[in-house]
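# sequence first, then the predicted structure, then my questions.
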Amino acid sequence: MARKKDRNDKLADMDLADLLDELRATKQEALNLRFRNATGQLENTAEIRRVRRQIARLNTYIRQREIAAAEAQ
């Protein structure tokens, strides 16, 4: 359980540019996993679920930053 909290703390400390870079890399990872799954090379299909949730988590943090920036104006 501590591992999940550490990962979320790391994301919460990132600025918007870093979050966007992480999102881009995670989407690329998701694409690679989908290809590996389609060709039968992926042994642990739970990785797809983990990456999809990470993308959603990143999108949430990005949206929080956008809302905070809009409210600051």
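Okay, I see it. Numbering: from 1, shown residues only.
# quick one: buried residues of the longest helix seen in the chain?
Scanning the chain for the helix with the most residues, using DSSP state H, yields helix 46-72. Judged by neighbour count (16 or more other C-beta atoms under 10 Å), helix 46-72 contains these buried residues: 47-48, 51, 54-55, 57-58, 61-62, 65. Glycine gets a C-beta too; all of them are placed from N, C-alpha and C.
# residues contacting stretch 16-26, please?
Contacts made with stretch 16-26 from outside it, assessed by C-beta atoms under 8 Å, 6 or more residues apart in numbering, are listed as 11, 14, 51, 54-55, 58-59, 61-62, 65-66, 69.
# same thing but at 10 Å, please
Stretch 16-26 has contacts (C-beta atoms under 10 Å, 6 or more residues apart in numbering) with 10-12, 14, 51-52, 54-55, 57-62, 64-66, 68-69.
# repeat for stretch 63-70
Counting by C-beta under 10 Å, 6+ apart, 12, 14-17, 19-20 sit against stretch 63-70.
# what's the closest of those residues to Lys27?
Checking those against Lys27 by C-beta to C-beta gives Leu20 as the nearest, at 10.6 Å.
# can you check the pLDDT for Ala72?
pLDDT recorded at Ala72 is 91.
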